[in-house]
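Colleague: build me a structure from this.
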Amino acid sequence: QVHVVESGGDLVQPGGSLRVSCAASGFTFSSFAMGWFRRISGREREFVASITYNSGSTYYADSVKGRFTISRDNAKLMVYLQMDSLKPEDTAVYYCARIYSWPDGPYDYWGQGTQVTVSS
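Modeller: From the prediction side, this is the model:
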């Protein structure tokens, strides 16, 4: 049974940093690309970043490029999103998802999300 579980969301001041994590289980993790998405209140869920199965390629939304870094540890079955220079507009629920087919999906398994709030 496939599981994807996010953690690490918190309240952070503008300009601060935070790392959110995603723990995967129930499938051959090292064979699949993974992605991070977010849902800002009142808006559709949007793409944030993705990473290939072997970390060979990464992609970022323009809104986070240069500030966020996606990474993975295949030995630990983990995906991470390091967020630096956070802005209030980064406030959202962040979701991790498995990418069934690189690069455009479908994204077939999702976690429950972790709340990130950027506020002073």
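Colleague: in this protein, which residue is closest to the centre?
Modeller: Trp36 (2.6 Å; CA atoms, centre = their mean).
Colleague: gap between the nearest residue in space to that one that is not next to it in sequence and Gly26?
Modeller: Distances taken as CB to CB, 6 or more residues apart in numbering place Val48 nearest to Trp36, at 4.4 Å, with adjacent residues excluded. Bear in mind the C-beta positions are built from the backbone N, C-alpha and C, glycine included. Distance, Val48 to Gly26, using CB to CB, to the nearest Å: 23 Å.
Colleague: what segments of the protein are strands?
Modeller: 3-7, 11-12, 18-25, 33-39, 45-51, 58-60, 68-73, 78-83, 92-99, 107-110, 114-118 (DSSP state E).
Colleague: tabulate those (a markdown table), appending mean pLDDT.
Modeller: Output for these, formatted as a markdown table (pLDDT from 0 to 100):
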| stretch | mean pLDDT |
| --- | --- |
| strand 3-7 | 97 |
| strand 11-12 | 98 |
| strand 18-25 | 98 |
| strand 33-39 | 97 |
| strand 45-51 | 96 |
| strand 58-60 | 95 |
| strand 68-73 | 98 |
| strand 78-83 | 98 |
| strand 92-99 | 97 |
| strand 107-110 | 95 |
| strand 114-118 | 98 |
